[in-house]
Every structure is written in structure tokens, then in C-alpha cells.
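> Please find the sequence and the predicted model below.
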Amino acid sequence: MEAVILILGLLFFAFVALGVYVGVKAIGAAKRGVDRTITQARRTVEDTTLRAKSYGQPGVSGELAQLRLALRTSMRATQEALQAGVAEDASLSESLGLFQRLSVHGRELDDDLKRLEREPDRATVASMLPGLKQRTERITHSADSLRWAARDRARRFIEDDLDALNAQIDVEAGALRHWTVEPDEPVHGQGDGRDRGQGRETGPGQGQNQGQASRPGQGGRPVDDTAQAITAADPRRQTQYPWQKAARPETTN
């Protein structure tokens, strides 16, 4: 009895521990989902604000917004392309590592541009714009180079796979079209001409109508050669298909 109670107690605590573990995992997953949603919403708001500033505010503020928008757009597109491609192509892991190092410089530049948006000395900020533009172009050029190289590599793999598939399909199509009869195979229904007339002698009264001479047919019944020559077999009544291999006729030794 005590053993049964002990087993039941252990099972109860196991179920409780399992429930707590599942609950913690569910709460963590929900928290991560909420964080991702909040982060995505914040990015959308920031991108919309920067786009509005770049088109609506002239001068230094508009140029700073354009630089931030170009930087964020290029870096985000490259990150998505590399993370999506590394799952199928392990060689992109090194490119992803280089992009992470580039992202450090991108975040530093974005922070600098964000601080300069609140700088009251607009003349000083205007004097810094050429250097900021050059710095932004260098980072975005490197990010674009990684992104397009990854896309070209993926497209090249797709083209190679398609070429190999087309070659296999061509071979299979050629094999499917190989239905013709070999030249050395006799056509079904035609016997060897040497078998005809062998062992036959012309007797009395047979030489008068050689054109209408009869030969043994199926079941021993005479078959008129002239009638067969005049009335040819109708090819539409043939039951065999042209790609079927004809059986070899029996030869008489």
C-alpha cells in the first residue's frame, strides 16, 4: 500500500513539474512574440517618420533623415537575405559574420545621425554632412555587395539545378520516343521467301495457271496468291501497334 502511495505521489509531482515547465516555455514564447511585435512596430514607426522627414523637411534635417533611411533600408535587406540564405547554403556563414561586423559600424553611424538630428547648431551639422554621406555610402555599398553576391550565388545554384534537370528530361524524352523496330527484325506476318516454293514440284496441269497457283494456308486450306496480291491487307484493321516488337516467325528446317 505504501509503495502505491509513493508511486502516485511521484507521478503527481512529475505532472506538476511538467506543467510548470510547459507553462514557463509558453510564457517565454509569448514574451518573445510580444517583443518581436513591439520591435517591428517601433521600426515601422521610425521608418515612417524618417520617410516623412526626408520628403517634408528641407535642409539639414531632411538630409539626415535621408541618410538614416538609406542606411537602415540597406542593412535590413542584407540581414534578411543572408539569414534566409545561410539555412540552405552554409558557405554564407562567413558572409553573415562579416555583416555582423559591418552592423557595428552601421549602428554607430545611426546613433551619430540620430544625435545630430537634435543638435541645435545647424551650421556645424551642415559642415559635417559631406563626411557623414561618405561614411553612409561606404557602409551601404558593402552591405549591398554582400546582399547581391548572396543573391547571385543562389540564382546560380538554381540555374545549375535547372540545367541538370533539363538534361535528364531530354534523356528521358529520348528514351520514351525509342519505339521504332530494329532494321534486322522481320515484320510480323511476313515469312521467309526462301521457305516458299521449297519442296514444291510442278505436276501435270499445274504449269498452265502458274499465276493462279495456290499455296497451303492455315489449316491446310489453299490460299490464292493472286487474290492476295490484288486485295492488299487494310492497314487500318491491324491490331498491333507500330512500336510493338514483332515475334520471330518459325523456320522450317
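Yes, it's here. Numbering: from 1, shown residues only.

> now the helices for the stretch 51-200 of the chain?
Taking DSSP state H, counting those that start in this stretch as the test, the helices found in the stretch 51-200 of the chain are 60-86, 92-117, 122-176.

> Take those helices and lay them out in TSV including distance to residue 3 and mean neighbour count.
(Glycine included, C-beta is placed from N, CA and C.) Formatted as TSV, those follow (distance: least, Cβ to Cβ, whole Å; neighbours: other Cβ atoms under 10 Å):
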stretch	distance to residue 3	mean neighbour count
helix 60-86	54	19
helix 92-117	55	15
helix 122-176	62	13
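
> Relative to residue 15, which of those is closest?
Nearest to residue 15 among these is helix 60-86 (38.8 Å), distances taken as Cβ to Cβ.

> what packs against the closest one?
In this structure, helix 60-86 makes packing contacts with helix 2-56, helix 92-117, helix 122-176, judged by 3 or more Cβ pairs under 8 Å, 6 or more residues apart in numbering; DSSP states H and E.

> could I get the helices of the stretch 51-200 of the chain as TSV with mean pLDDT?
Output for those, formatted as TSV (pLDDT from 0 to 100):
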stretch	mean pLDDT
helix 60-86	91
helix 92-117	93
helix 122-176	93
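
> pLDDT wise, what is residue 244 at?
Residue 244 is assigned 51 on the pLDDT scale.

> so who does the residue lying closest to residue 149 once chain neighbours are set aside touch?
Among residues not flanking residue 149 along the chain, residue 95 sits closest, at 7.4 Å (Cβ to Cβ, 6 or more residues apart in numbering). Going by Cβ atoms under 8 Å, 6 or more residues apart in numbering, residue 95 touches 82, 146, 149, 150.

> Verify the stated contact: the second one with residue 79.
So the one you mean is residue 146. No. Using Cβ atoms under 8 Å, residue 146 is not in contact with residue 79, being 9.6 Å away.

> joint contacts of the two?
residue 99.

> still on that earlier bit, can you pick out the most distant pair from the contacts of residue 95?
Checking these with Cβ to Cβ, the most distant pair is 82 and 149, at 9.9 Å.

> re the thing from before, could you redo the helices of the stretch 51-200 of the chain as CSV and give each row distance to residue 9?
Below are the helices of the stretch 51-200 of the chain laid out as CSV (distance: least, Cβ to Cβ, whole Å):
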stretch, distance to residue 9
helix 60-86, 48
helix 92-117, 49
helix 122-176, 57
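
> among those helices, which is nearest residue 4?
Nearest to residue 4, of the helices of the stretch 51-200 of the chain and by Cβ to Cβ, is helix 60-86 at 53.9 Å.

> what angle do the closest one and helix 2-56 make?
Helix 60-86 runs at 140 degrees relative to helix 2-56, counting by axes from the mean of the first three to the mean of the last three Cα atoms, to 10 degrees.
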